[in-house]
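K.L.:
Predicted model follows, preceded by the sequence.
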Amino acid sequence: MQFDLFFELAVPGHTGRCEREVLADTLSEIALADELGFTTAWVVEHHFAREYSHSSAPEVFLGAASQRTSTIRLGHAVVVLPYNHAVRVAERAATLDLLCQGRVELGVGRGFSPTEYLVFGADMADSRQIVDESLSVMREGFVEGSVDFAGEHYRLDGVEVLPKPAQRPHPPMWTAAVSPETYTWAAKEGLGALAGPFKPWFLVRQDLKAYRRAWAEHQGDSPEPGANPRFGMTIGLLCLPDGDRARELAREPFTWYYERLLAQTRPVLERFQESYAYYQKLGRLQPLLKRAVRLSLLEAMGMVVVGSPQECIRKLEKYREAGVDHLLLAVGAGALPTEVVQESLQTVAEQVMPNFRD
């Protein structure tokens, strides 16, 4: 099981940090994670989410991170395809892959914000079709030669997409996944699956089983070179030598983070959106989730891990046993001082990660 990091670039008002400081602190945390042996640093794309996430240009931020690191992989979690042109996504991903000498992990998805769809002029009902067409355009654009494609949303005739990525045929590709059908679709497409931070573990565990079954069915035992089932799950984490201190420090920041996260997902959970029917089913969990925005219940639901190294090892073991390949750790949930986050990174790398090496 790989240990990754997950960043929303949050700017909570109560911390007193400005956007410039958050960007600088996060770059320093990623540079430290590079030295400590974490596998991937993932950065989201969100818009108009004051305090919760100011990560509206992740490709720019990751470009800066590429020049501060040498080993850690750099991941999009994720590029929202319905309002990012497929050719531009391929161009930016290839440029970043060249800058970091082949360390890009490219996650894509549909997004879930009605406001973002409205502002960027996209229709949520078309989201699945746009993603399908975008993937075809991107895969063709990454390889040598020109792109010829005719669909409902894209029409390209002899377009050569430049530059080409360092990784061939292209960087490993992932998709954000919420509904069961998305996990099945991801397996059919040969994509890694990224489970978001707002779904309880008992549901994610079901999704993981379905994804691996679908992969075995559609990809078989001899996938293309470099392709294999890849399942990532995001959790909040704070691991410190003193478990009681970790719980005391995590209580308010983690509550803040998951309250903001629930607020971000509430519009699509509460109102029917065509092709987002599964979100309405998740909406039935809202009363439970509202009650769960306390550290103890978040831990009970498998969404958060807090404690000493020994406690964290015990709590993290269930994810490895279930077959999670990548744990995306939101260390401090973006609401703790960078000094605490870096202390936790050191603790995880030195006292937790060695127990999960093959």
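P.N.:
Sure, I can see it. Numbers count the residues shown, from 1 in each chain.
K.L.:
residues contacting Glu217?
P.N.:
Glu217 makes contacts with Ala187, as judged by CB atoms under 8 Å, 6 or more residues apart in numbering. (Glycine included, C-beta is placed from N, CA and C.)
K.L.:
Swap in 10 Å and give it another go.
P.N.:
184, 187-188 (CB atoms under 10 Å, 6 or more residues apart in numbering).
K.L.:
Throw these into JSON lines and include pLDDT, secondary structure and distance to Phe3, thanks.
P.N.:
Formatted as JSON lines, the contacts of Glu217 follow (pLDDT from 0 to 100; DSSP: H, G, I helix; E, B strand; the rest coil; distance: CB to CB, whole Å):
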{"residue": "Thr184", "pLDDT": "95", "secondary structure": "helix", "distance to Phe3": "27"}
{"residue": "Ala187", "pLDDT": "95", "secondary structure": "helix", "distance to Phe3": "24"}
{"residue": "Lys188", "pLDDT": "94", "secondary structure": "helix", "distance to Phe3": "28"}
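K.L.:
right, and Leu135 touches Glu189 too?
P.N.:
Yes - between Leu135 and Glu189 there is a contact under CB atoms under 10 Å: 6.8 Å.
K.L.:
okay, and the common contacts of these two?
P.N.:
Contacts common to Leu135 and Glu189, judged by CB under 10 Å, 6+ apart, are 173, 175.
K.L.:
Between these two, which has more neighbouring residues?
P.N.:
Remark: of Leu135 and Glu189, Leu135 carries more neighbours, 18 against 15, as counted by other CB atoms under 10 Å.
K.L.:
ok, back up a step: most surrounded residue in the contacts of Glu217?
P.N.:
Ala187 (23 neighbours).
K.L.:
now it: how far from Phe202?
P.N.:
21 Å (CB to CB, to the nearest Å).
K.L.:
With adjacent residues omitted, what lies nearest to Asp4?
P.N.:
Thr40 (4.2 Å; CB to CB, 6 or more residues apart in numbering).
K.L.:
What ranges in the stretch 1-150 of the chain fall below the confidence cut-off?
P.N.:
The stretch 1-150 of the chain contains no residues with pLDDT under 70.
K.L.:
What about the nearest residue to Leu9 once chain neighbours are set aside, how many residues nearby?
P.N.:
Excluding its sequence neighbours, the residue lying closest to Leu9 (CB to CB, 6+ apart) is Ser55, at 3.9 Å. The number of residues packed near Ser55 is 24, by other CB under 10 Å.
K.L.:
Kindly report the same for the one 5 residues further on.
P.N.:
A count of neighbours around Val60, defined by other CB under 10 Å, yields 13.
K.L.:
what kind of secondary structure is the residue nearest in space to the middle of the chain in?
P.N.:
Nearest to the mean C-alpha position of the chain, counting by CA atoms, centre = their mean, stands Ala77 at 3.4 Å. The local conformation at Ala77, judged by DSSP: H, G, I helix; E, B strand; the rest coil, is strand.
K.L.:
Just list the residues touching the spatially closest residue to it that is not a sequence neighbour, thanks.
P.N.:
Spatially, and ignoring its direct neighbours in sequence, Ala77 is nearest to Trp42 (3.8 Å; CB to CB, 6+ apart). Trp42 is in contact with 4-8, 58, 62, 73-78, 105, 107, 174, 194, 232, 234, 326, 328-330, counting by CB under 10 Å, 6+ apart.
K.L.:
Show me the helices in the stretch 1-150 of the chain, by range?
P.N.:
Per DSSP state H, counting those that start in this stretch, the stretch 1-150 of the chain carries helices over the ranges 19-36, 58-66, 86-99, 114-120, 127-142.
K.L.:
Show me what the third one is packed against.
P.N.:
Helices and strands in packing contact with helix 86-99 are listed as helix 58-66, strand 73-80, strand 104-109, helix 127-142, strand 147-150, strand 155-159; criterion 3 or more CB pairs under 10 Å, 6 or more residues apart in numbering; DSSP states H and E.
K.L.:
Let me have those in TSV, adding distance to Leu27 as columns.
P.N.:
As requested, the helices and strands packed on helix 86-99 are arranged in TSV below (distance: least, CB to CB, whole Å):
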stretch	distance to Leu27
helix 58-66	6
strand 73-80	12
strand 104-109	17
helix 127-142	27
strand 147-150	34
strand 155-159	34
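K.L.:
Out of those, flag the one nearest Lys315.
P.N.:
strand 73-80 (22.4 Å; CB to CB).
K.L.:
Strand partners (parallel or antiparallel) of the closest one?
P.N.:
strand 40-43 (parallel), strand 104-109 (parallel) (DSSP bridges).
K.L.:
quick one: contacts for Gln167?
P.N.:
With CB under 10 Å, 6+ apart, Gln167 has these contacts: 93-94, 97-98, 101-106, 142, 226.
K.L.:
Can you give the distance from stretch 95-111 to the centre of its chain?
P.N.:
12 Å (CA atoms, centre = their mean, to the nearest Å).
K.L.:
Let the chain start at 46 from now.
P.N.:
I'll keep to 46 as the first residue from here, and by that count the last item is stretch 140-156.
K.L.:
in it, what's buried?
P.N.:
With burial defined by 16 or more other CB atoms under 10 Å, the residues of stretch 140-156 counted as buried are 140-145, 148-156.
K.L.:
And the helices in the stretch 296-403 of the chain?
P.N.:
Taking DSSP H, counting those that start in this stretch, the helices of the stretch 296-403 of the chain run over residues 322-328, 331-337, 340-345, 354-367, 383-392.
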